[in-house]
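S.K.: Could you work out the structure for the sequence below:
(chains A and B)
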Amino acid sequence: MDKNYQKKILDLIRTDFITMNGGKNNMRIVIILMVLFFGGLGFLFSPVMGLYVPLMASGFLVPMMFQNEIKYHSEKMFALLPIDRKDLVRSRFIMSIVLYIASALLFYLLMLISFKLKPYYIVLGEDALDIIEMLAEISNNNMTGLGIFNLLYFGAYSVGLMLISANLRRYFKNSKIFENFFSPEMRKATKKETGQILFLFAIIMVVILGITDILPVRNVIVPILQLFLQLAQVADGFLLGAVLVTIAVFSSIYNYICAILEYDEREL
Amino acid sequence: MKFAKRITAALCAGMMLFSVSVLSVHADEATEKVVLPSGKDVRWFQLQMELTAKENTETNRLYASAAVGLFQGDEVLYTGYYGETDIENQIPADENSVYEWGSISKTLIWVSAMQLYEQGKLDLDRDVREYLPDGFFQHLAYDEPITMLNLMNHNAGWQETTRPIWETDENAILPLGEALQAIEPAQVHHPGEAAAYSNYGAAVAGYVIECVTGQDYCEYIHEHIFEPLGMEHTALNPAHSDNAWVQEQRKKMKSYQLFLGNCVDLGNCLNYVPAYPAGAATGTLSDLMTYAQALVNEDAPLFQNPETQELLFTGTDFYGDSDIPMCAHGFWCEEHAVRTYGHNGATTAGQANMTFDLDSKTGLVVMVNEPNGNWYINYTSDMAFGELSPEKYISGTAEKAKLDGYYLMARSTYRGMLRFIPYLTAVSLSNLGDTEKIGNHLYQLRHEGHIADETAVILGKKIYPDGNSAFQQPSMDLIHDRFYLVKLCLFTVYVLSAVAAVYLMLIQHKLKKHGKWTIYQGSAVMTAGQIARLVSVLALLGTYAVLVSHQGGIPFTMGAVLGIVQMLCIVICGVSAVTSCVSIFSFKKEKMLTVRYILNTIGCVLPIIAILYFEMYRFWGC
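M.R.: I've put the predicted structure just below:
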């Protein structure tokens, strides 16, 4: 990537930042307050609370970043400027993923400190519920507390990354769906999403029923599950974390390529 | 103490217990006061049994059925039959119910071997090949002799068999010798080195008995064990045809799997074991108790000389460098509050346990029709024999020891297409928490007890001749693997390469749909490589599915198909890797295309290494 191209991408990111900061009553304040709320709660009461943040961010990051653009229809401006659509997609994917990773890392470290120092025992006393240590115990000590912690966070961050890239793709395909939560496009998208969630839920049910031998799918699920459990047990869950993040990266690359193709064909 | 509340509740329940719908023989007052090795009396044991029976309701099942027997010397202290052997037809468990012994059957081999030893017909230290037909073993990897003691200690070096050990068709049962040759596993450890519980090894010992005596093994057992003890309700051969009554009774029994308070009906589970000395005995509780009583009897009714019985229960394999036995001529030794001897067993239809204390002559026998779990199997031996006190081998402050590293189970598959399994079941000892060093390569791990507040488990450490270390636990060693993480990463990359292949194919499909797909040098071969990676992982999953659905083994033909598929995948991935590798240097192209070629080369080479290392193609000789 030559320097001019890098500058071009950085300029586009800068433009998006200016647009993001341009409106009044934007969602940013709400997000910052929620982040502070959950961050504080998580740090003081339970590191598990920090899991809300990646999931929230994955849902709100895209609408938050582009709310002014949606409101003032400024995306049409890009059609008049000498900008390659591919570059716009690239800059926005880079920006949102970098923002997400930065916030994820910040929360991971904050909650890791909370998990290690355990301030919740000082705040709540000896009765504080240490869910992570409890889960480690339930695993028959096959996993350490840190392993469970890493697994939860890497799992949540991976899902978050996949959702963000899917949201970005959806935005480039049809930004109108983010205009109004009650728009027909949003309803259609929500329906699709509900279907996807139901599909995911069905997969989880099949896995559960398979493991318990109610459905005859156990034979195929078991080695995959064993691999996951084994990866979760070694190196304090980092190996499984790396696998989950890799899968999320595959998914993001796929969404990125789809976004380029779909945005390129879209009438602005 | 977990049981303290239950005792109080049991006592309060008082007379109510007598209305419980179980068939049990209540001991007289003197018997009730007999103190068990656990320090509890028989009355307490009986109350625990019956309280659990009371908690087992139609809406909240704790078990399907169980038969429990407790004895001291010749005296039967307690027998109890709980639940139903056929819930649908409401057939209650009673003295006529027959259950499968599972691996307790192996003790018949060890007793027979000692009988022949005392007659001078069998040398425990002689190579068993001298007793077997010439060329009996086809897959031995080491020249060291395999002795009867190796078979008793489960350290002859065989891996878990990869061929099905169960038959569902009665007519397909082969004679013992042929059956053993059909399932011969690869020898993966030097004889005498690693303990790896082996059904095959035990069944070979049964065949040695047959070869030494010139008599059918089943006939030998009837003549020298069942008949002298009056065990008229036990069958031994695979289809139970050596005892028509048992065969008939066995058909009436169903097997169940407990799930969320319900008993899931598994049917009759009439699976036959052609290598039957390892686990085909089936009979009543009373017969198994008679057998166990004979083994604690000082007069040694099964031997000509009581000293042979004494020898039978001397240790042959020990924890670390200590004198704490782990195995005594095939009988497992357990450290409860007292040292016990015995064996447990599990089949596809049920489980059984036989444990006895030679000093007090107290014994416990439990039989159930559930292949997994079960309260009676899990807790009764601790109730009868107590739990190992953490202070027994450590006085004063214990030295803490942190055990690190990853350990593979010696009882697994190290050759052939199931070679990946040990890497998915490895144990990280550091996850177990702090252990305490006892000395003599002995360690103990404290944990919460069932009866006592705290108990301990003993681990022994041994160093193999090659310098590698292992931790010993009954029935198998845990072998240290220094490069475990590298191997696990290789396997993970192999699976991830298939996930990546799926995404690449999706991207390709999307590009084609939008008319943006351009054909470039080697693109078709690269796509073929992606498909091959996916197919290879699916074939691996198929291998596991076949393994589970064929009772723990892969039939030769299915293995051959899956193995050939993996070979084809290696070839296609190889061609794809070579093509993209050549393309990197062959002509001028854009930067991105070079990256694509490099990634494809790596993406194909790593799965090839994984397929070769984990021998996913190897369907023969294991």
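
S.K.: what sits against B:S381?
M.R.: Residues near B:S381 by CB atoms under 8 Å, 6 or more residues apart in numbering or on different chains: B:E334, B:H336, B:T340, B:N353, B:T355, B:L364, B:V366. Heads up, the C-betas are built off the backbone N, CA and C, glycines and all.

S.K.: okay, residue 113: pLDDT?
M.R.: Answering for chain A, as no chain was given. pLDDT recorded at A:I113 is 89.

S.K.: let's do chain B instead
M.R.: pLDDT, B:A113: 98.

S.K.: for A:Y5, same thing?
M.R.: 84.

S.K.: Could you provide the contacts of B:S381 in TSV, with additional columns for distance to B:A328?
M.R.: Shown next, in TSV, are these (distance: CB to CB, whole Å):
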residue	distance to B:A328
B:E334	11
B:H336	15
B:T340	11
B:N353	17
B:T355	13
B:L364	18
B:V366	21
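
S.K.: what's the neighbour count on residue 76?
M.R.: With no chain named, the answer covers chain A. 10 (other CB atoms under 10 Å in any protein chain shown).

S.K.: my question was about chain B
M.R.: 18.

S.K.: For beta bridges, what are the partners of it?
M.R.: With DSSP bridges as the criterion, B:V76 is bridged to B:F71.

S.K.: Report the separation between it and B:M49.
M.R.: From B:V76 across to B:M49, the span is 14 Å (CB to CB, to the nearest Å).

S.K.: Check B:A349 too.
M.R.: In this view, B:A349 and B:M49 are 22 Å apart by CB to CB.

S.K.: B:A456 falls within a strand, correct?
M.R.: Yes. Under DSSP: H, G, I helix; E, B strand; the rest coil, B:A456 falls within a strand.

S.K.: quick one: it from chain A, how far?
M.R.: Between B:A456 and chain A the distance is 15 Å, computed by CB to the nearest CB, to the nearest Å.

S.K.: tell me the contacts of that residue?
M.R.: B:L388, B:S389, B:P390, B:K392, B:E436, B:Q444, B:L445, B:R446, B:H447.

S.K.: tell me the pLDDT at residue 167?
M.R.: You didn't say which chain, so I picked chain A. Reading off the model, A:N167 has pLDDT 87.

S.K.: actually chain B
M.R.: 85.

S.K.: ok, now the one 3 residues further on?
M.R.: Per-residue confidence at B:E170 stands at 87 (pLDDT).

S.K.: Look up how far B:A280 lies from it.
M.R.: Per CB to CB, B:E170 is found 12 Å from B:A280.

S.K.: Same drill for those two, tell me which one is more crowded.
M.R.: Using other CB under 10 Å as the criterion, B:E170 and B:A280 rank with B:A280 on top: 26 against 12.

S.K.: which SS state does that one fall under?
M.R.: With three-state DSSP as the criterion, B:A280 reads coil.

S.K.: and it, what does it touch?
M.R.: Applying CB under 8 Å, 6+ apart to B:A280 gives the contacts B:E100, B:S105, B:A235, B:L236, B:N237, B:P238, B:H240, B:Y272, B:V273.

S.K.: Repeat the analysis, applying 6 Å as the threshold.
M.R.: Each residue near B:A280 by CB atoms under 6 Å, 6 or more residues apart in numbering or on different chains is listed here: B:S105, B:P238, B:V273.

S.K.: before we move on, what about A:I131?
M.R.: Counted by CB under 6 Å, 6+ apart, A:I131 has contacts A:V48.

S.K.: From chain B, how far out is it?
M.R.: 18 Å.

S.K.: Surely A:A136 and A:I148 touch.
M.R.: Yes. With contact defined as CB atoms under 6 Å, A:A136 and A:I148 form a contacting pair (5.2 Å).

S.K.: Looking at these two, which is more packed in?
M.R.: More crowded of A:A136 and A:I148, by other CB under 10 Å: A:I148, with 24 against 20.

S.K.: sec struct for the more buried one, please.
M.R.: helix.

S.K.: Any figure for the gap between it and chain B?
M.R.: Applying CB to the nearest CB to A:I148 and chain B gives a distance of 11 Å.

S.K.: Spatially central, which residue of chain B would that be?
M.R.: With distances taken as CA atoms, centre = their mean, B:Y197 lies nearest the centre of chain B, 7.1 Å away.

S.K.: ok and the residue in the stretch 251-400 of chain B nearest chain A?
M.R.: The nearest approach of the stretch 251-400 of chain B to chain A comes at B:F259, 5.8 Å away (CB to the nearest CB).

S.K.: Look up phi and psi at the residue nearest to the centre of chain B.
M.R.: phi -40, psi 130 (degrees, to the nearest 10).

S.K.: For it, list the residues it contacts.
M.R.: Taking CB under 6 Å, 6+ apart as the test, what B:Y197 contacts is B:H154, B:R411, B:S475, B:M476.

S.K.: Does the second one touch B:M476 like I think?
M.R.: Yes. Using CB under 6 Å, B:R411 is in contact with B:M476, at 4.1 Å.

S.K.: Point me to the helix or strand that includes B:Y200.
M.R.: helix B:199-213 (DSSP states H and E).

S.K.: That helix: what's the following helix or strand?
M.R.: helix B:217-221.

S.K.: Pull out the buried positions in the next helix-or-strand element following that next one.
M.R.: The element immediately downstream of helix B:217-221 (helix or strand, assigned by DSSP H and E) is helix B:227-229. Within helix B:227-229, the residues that count as buried by 16 or more other CB atoms under 10 Å in any protein chain shown are B:L229.

S.K.: For A:A235, which non-adjacent residue is closest in space?
M.R.: Distance criterion CB to CB, 6 or more residues apart in numbering or on different chains; nearest residue to A:A235, sequence neighbours excluded, is B:L485 at 6.8 Å.

S.K.: And the average pLDDT for the host helix or strand of that neighbour is what?
M.R.: B:L485 belongs to helix B:484-513 when assigned by DSSP H and E. Averaged across helix B:484-513, the pLDDT comes to 93.

S.K.: How about the contacts made by the residue in the stretch 51-200 of chain B that chain A sits nearest to?
M.R.: Minimum separation of the stretch 51-200 of chain B from chain A (CB to the nearest CB) falls at B:P164, amounting to 14.2 Å. Under the criterion of CB under 6 Å, 6+ apart, the contact list for B:P164 reads B:H550, B:Q551, B:G553.

S.K.: and the residues you listed near chain A, which?
M.R.: By CB under 6 Å from any CB of the partner chain, no member of those lies near chain A.

S.K.: Could I have the buried ones of those residues as PyMOL selection syntax?
M.R.: Burial among the contacts of B:P164 is assessed by 16+ other CB under 10 Å; the matching PyMOL selection reads:
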select buried, chain B and resi 550+553
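
S.K.: Quick check: of the contacts of B:P164, which lies closest to B:I451?
M.R.: B:Q551 (36.2 Å; CB to CB).

S.K.: one step back: for the residue of the stretch 51-200 of chain B closest to chain A, grab phi and psi.
M.R.: Per-residue torsions, B:P164: phi -60, psi 130 (degrees, to the nearest 10).

S.K.: Output the below-cut-off pLDDT ranges for chain B.
M.R.: Counting by pLDDT under 70, the ranges of chain B that qualify are B:1-27, B:431-433, B:587-589.

S.K.: 80 instead?
M.R.: Within chain B, the segments meeting pLDDT under 80 span B:1-30, B:260, B:395-398, B:430-434, B:548-552, B:586-591, B:621-622.
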